[in-house]
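**Q** Predicted model follows, preceded by the sequence.
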Amino acid sequence: MRMVSKIVRVAALGVSLAALCVGLLACGGDEGPPEGAREKAHGDERGEETHAGEKEEGEETVRLEPEVLAEFGIEVTTAGPGPIERTIALPAEVRANQDRLAHIAPRFAGIVREVRAGIGDAVKAGQVLAIVESESLAPYPLKTQIDGVVIAKHITVGEPVSSDRDCFTVADPRDVWVDASVYQNHLRDVRLGQPALISAGHGLEEARGTISYVSPVVDEETRTATARVVLPNPDGVWRPGLFVTARIAVERAEVPVAAPLTALEVVEGATVIFVEGEHGFAPRPVTLGRRDDARVEVLTGLAAGERYVAKGGFTLKAELARGEMSGGHAH
């Protein structure tokens with residue numbers, strides 16, 4: 001009866017029959033399972049209750065001094081909420097602002113007697129660009145009505161001109177249009193007021209703007225609509241004709257815990273984030289949710305308020321591997 005009661009009592013604690021037999025053999029059948037078995041059984045029972053921040057038995061950690069962290073560019077930050085944005089990248093072209101573009105033609109047909117401006121010249125409103133002699137032999141000036149830069153010239157001295165042909169085109173370059181091509185599969189995603197990041201590569205800085213216009217029709221040839229961003233251009237960097245990429249944020253969500261993609265490492269086939277604890281940094285397996293080009297939502301494995309490695313985790317990963325190869329813990 002003692003044997004039966006012991007089996008029932010230990011089984012009620014969730015210990016397997018095999019573990020019970022080992023305990024009975026080790027203790028002569030009278031003292032129950034050995035202390036190690038008790039700890040294991042207890043650990044199995046509370047395994048699901050282990051909190052994200054607790055250090056489990058056998059967990060490898062890496063401890064590095066602050067000066068070493070700085071030397072290797074390892075950035076440590078505190079976990080917390082952040083935005084996740086879904087973006088689409090669209091081909092786009094920089095165009096002169098058509099609301100600040102002047103096509104200058106003569107009022108009367110005649111012969112060009114003087115040309116006073118060329119392509120690339122900065123001009124002021126009221127400035128004379130050319131002198132035309134009309135058919136009645138009366139000369140008159142050809143002026144610009146806006147400030148800007150001459151971007152096109154179709155006039156030479158002695159050439160006959162008429163009112164149905166432009167002689168100059170003057171554009172105000174202080175802001176430009178960035179027209180993005182929106183394909184049919186993205187028509188529902190693109191709306192007025194959405195933020196857009198404009199990039200041209202080749203060392204040019206990126207610029208931010210918002211969509212101010214979406215064409216109500218689709219072009220019959222390209223089968224695309226146009227989404228427009230008006231971009232300030234005080235330094236003239238964004239030149240008409242330049243091909244660029246418009247990355248438009250079409251969806252934005254605030255999540256409880258967001259981490260940069262640079263925080264993610266792979267250790268033994270698992271995606272981890274190095275989380276700071278009492279004994280150093282430990283690779284913590286994480287479950288991920290939504291992501292964008294810069295950040296990812298962390299569903300489990302990293303709690304708000306915990307300190308973690310946001311950049312430079314590869315160094316900790318290498319140090320951890322070095323410690324395992326040497327047969328000890330990494331420090």
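**A** Nice, I can see it.

**Q** how about low-confidence regions in the stretch 1-150 of the chain?
**A** 1-59 (pLDDT under 70).

**Q** ditto for the stretch 201-331 of the chain
**A** In the stretch 201-331 of the chain, residues with pLDDT under 70: 323-331.

**Q** Which stretches in it count as strands?
**A** Using DSSP state E, counting those that start in this stretch, the strands of the stretch 201-331 of the chain run over residues 207-214, 225-232, 243-260, 265-267, 270-277, 280-285, 287-291, 295-300, 307-311.

**Q** CA-only coordinates of the first one, as CSV, when you get a sec.
**A** Spelled out, that is strand 207-214. In CSV, the C-alpha atoms belonging to strand 207-214 read as follows (Å, rounded to 0.1, in the frame of the first residue of the first chain):
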residue,chain,number,x,y,z
ALA,A,207,12.8,64.9,-49.7
ARG,A,208,9.5,64.6,-48.0
GLY,A,209,6.1,65.9,-49.2
THR,A,210,2.4,65.0,-49.3
ILE,A,211,0.2,64.0,-52.2
SER,A,212,-1.8,67.1,-53.3
TYR,A,213,-3.4,65.7,-56.4
VAL,A,214,-4.6,62.3,-57.8
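
**Q** What residues does Arg295 make contact with?
**A** Contact analysis of Arg295 by Cβ atoms under 8 Å, 6 or more residues apart in numbering lists 82-84, 258-261. (Each C-beta comes from the backbone N, C-alpha and C, glycine too.)

**Q** Run through the bridge partners of it.
**A** Pro260 (DSSP bridges).

**Q** which residues touch stretch 237-250?
**A** Counting by Cβ under 8 Å, 6+ apart, 85-96, 151, 171, 176, 178, 180, 186, 189-190, 194-201, 204-205, 207, 211, 227, 229, 231, 293 sit against stretch 237-250.

**Q** For the residue nearest to Lys124 when sequence neighbours are not counted, give its distance to Ile111.
**A** In space, Lys124 comes closest to Asp147 once its chain neighbours are excluded; the distance is 5.4 Å by Cβ to Cβ, 6 or more residues apart in numbering. With distances taken as Cβ to Cβ, to the nearest Å, Asp147 is found 28 Å from Ile111.

**Q** now do Pro141
**A** 14 Å.

**Q** Equivalent analysis for Val229, please.
**A** Look at Val229 and Ile111: by Cβ to Cβ, they are 44 Å apart.

**Q** which of those two has more neighbours?
**A** Val229 (26 against 16; other Cβ atoms under 10 Å).

**Q** who does the more buried one bridge with?
**A** Val178, Ile211.

**Q** Show the contacting residues for it.
**A** By Cβ under 8 Å, 6+ apart, the contact set of Val229 is 92, 177-178, 180, 196, 198, 209-212, 246.

**Q** List only those of those residues flagged as buried.
**A** 92, 177-178, 180, 196, 198, 209, 211, 246 (16 or more other Cβ atoms under 10 Å).

**Q** could you check the angle strand 307-311 makes with the longest helix along the chain?
**A** In the chain, taking DSSP state H as the definition, the longest helix is helix 313-325. Interaxial angle, helix 313-325 versus strand 307-311 (axes from the mean of the first three to the mean of the last three Cα atoms, to 10 degrees): 110 degrees.

**Q** what packs against helix 313-325?
**A** Contacts defined by 3 or more Cβ pairs under 8 Å, 6 or more residues apart in numbering; DSSP states H and E place helix 313-325 against strand 265-267, strand 270-277, strand 280-285.

**Q** how about that helix: buried residues?
**A** Using 16+ other Cβ under 10 Å as the test for burial, helix 313-325 gives 313, 315-317, 319-320, 323.

**Q** The spatially closest residue to Glu265 that is not a sequence neighbour and Ala282: what is the separation?
**A** Nearest non-adjacent residue to Glu265, counting by Cβ to Cβ, 6+ apart: Gly313, 4.4 Å away. Relative to Ala282, Gly313 is positioned 11 Å away (Cβ to Cβ).
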